[in-house]
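In: I would like the atomic coordinates for the input below:
(one chain, ligands or ions: 1)
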Amino acid sequence: MWPDNRILELVGVELPIIQAPMAGAVLSDMVVAVSEAGGLGSLPCALLSVEQARGELEVIRRKTSRPINVNFFCHQQPPYDPVREMKWRQRLNGYYIGMGLDNNTAVLSGNRTPFDDKMCDLVAEFHPEVVSFHFGLPEKNLRARVRRTGAKIISSATTIDEARWLEDQGCDAIIAQGYEAGGHSGMFLKRDVSTQIGTMALVPQVVDAVKVPVIAAGGIADARGIVAAFALGASAVQIGTAYLLCPEAKITAIHRQALRKSKDNETVVTNVFTGRPARAIVNRLIREVGPMSDDAPEFPLAAAALLPLRSKAETEGFGDFTPLWSGQAARLSQELPAARLTKLLAEETLEKLSLPHQTARAEMFFEDGGFQ
Ligand SMILES: Cc1cc2nc3c(=O)[nH]c(=O)nc-3n(C[C@H](O)[C@H](O)[C@H](O)COP(=O)(O)O)c2cc1C
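Out: Reported below is the predicted structural model:
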């Protein structure tokens, strides 16, 4: 029925649709809804404590026996750099003054922690069918522990070199993440986003470069995008932004509203929210400090100094300091419950793939002699 069954067979799902793990936006209810609908629901753990992640996994395993993906960041945690931090705070000082906030308030660092032994214990406890990573892969011992749980391991590549590296390290499938993608670029071998490749060009080149199945991600938000991904050689798609308007998405009303109003050319890749390049809808902070700033501390430390500004602005109804994460295709999103959206995407894709009227037209064309 589908043009490529490799991901379906690898993971044990019915539909080649992976709901992207989106830290801060997805919890158990969306994962359950998507997995129950036949897709692969993904729980992002980058912003969860071990206890919070355990709570979410308990709910998921109680509510569905279908395959799930559990996702982690695996960056190197940088050492705290007081000089860089001071420079960043100075850069933000005008905003602190303007909002009547004390710039010296100690703020817990943005809690995006990399995958570690404790999170690995959770993987061993809950046995997710898939474990996905962003920013490469964790070190060998952790990887081997994950592998022993029986989970399939996948990660994002933004270049052919990254895809080959992930395949060499034993990844079971590779997410080819194009420049259009919302949220953080998974780029890990280099950091130059100015040369990042779009999904249309990246997917077929990665497909040609590796043997494992490829999952297309970035700017795919409707059936047309899914059909295109298959045409480019992908075995499945990973869709993020289009799920952000589902009622299950845990985003602020400000973020939701920005997505609803967002135009095609209103997102940009910026490092000002976390220190690492990520695509978001342009807002005041990006306009005035970014999109790329050398003052921003290393990922994920840049986030901490923004927290007081963000909370105060949000309570006053402004998203000036909120990361309004979004891919380039937000306008294509349909505001539907996650299960309905997953099924609709699948139905519409199958409809387009079968295309009986077009086949008939092509047959008539060639019977008439084709191009002469
Ligand atoms: C709000 C948001 C949060 C994200 N968080 C994560 C994450 O925690 N882990 C991850 O692997 N990818 C994350 N991503 C990237 C997605 O996995 C995926 O590559 C991207 O959403 C695909 O592009 P699209 O948004 O155009 O569909 C995030 C994306 C968004 C929009």
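In: For residue 322, see how far away the closest residue to residue 247 other than its chain neighbours is.
Out: What sits nearest to residue 247 in space, not counting adjacent residues and going by CB to CB, 6 or more residues apart in numbering, is residue 337, at 5.9 Å. Every C-beta, even on glycine, is put in place using the N, C-alpha and C of the backbone. From residue 337 across to residue 322, the span is 24 Å (CB to CB, to the nearest Å).
In: same deal with residue 249?
Out: Distance, residue 249 to residue 322, by CB to CB: 14 Å.
In: got it, and residue 316?
Out: 12 Å.
In: likewise residue 340?
Out: 27 Å.
In: In terms of neighbours, single out the busier of the two.
Out: For residue 340 and residue 322, the more surrounded residue by other CB atoms under 10 Å is residue 322, and the numbers stand at 24 against 13.
In: all strands of the stretch 101-250 of the chain, in order?
Out: 130-134, 152-157, 173-177, 183-184, 214-217, 236-239 (DSSP state E, counting those that start in this stretch).
In: Nearest to the ligand, out of the ones you listed?
Out: strand 183-184 (2.5 Å; CB to the nearest ligand atom).
In: The closest one: partners in the sheet, and parallel or antiparallel?
Out: Applying DSSP bridges, strand 183-184 is found paired with strand 278-281 (antiparallel).
In: Give the buried residues for the strand it pairs with.
Out: Within strand 278-281, the residues that count as buried by 16 or more other CB atoms under 10 Å are 278, 279, 280, 281.
In: what's it in contact with?
Out: 180-185, 258-259, 262, 266-271, 273, 286, 323-328, 330 (CB atoms under 8 Å, 6 or more residues apart in numbering).
In: so what does the helix or strand following that strand touch, helix or strand wise?
Out: Remark: after strand 278-281, the chain's next helix or strand is helix 284-289, criterion DSSP states H and E. Judged by 3 or more CB pairs under 8 Å, 6 or more residues apart in numbering; DSSP states H and E, the packing partners of helix 284-289 are helix 82-98.
In: In contact with residue 68, which residues?
Out: 31, 35, 40, 41, 42, 43, 60, 128, 129, 130.
In: which phi and psi does the third one have?
Out: The reference is to residue 40. phi -110, psi 110 (degrees, to the nearest 10).
In: can you pull out the helices in this protein?
Out: All helices of the chain, identified by DSSP state H, fall at 6-11, 28-36, 50-63, 82-98, 117-126, 140-148, 160-168, 199-209, 223-231, 253-261, 284-289, 307-315, 338-354, 356-367.
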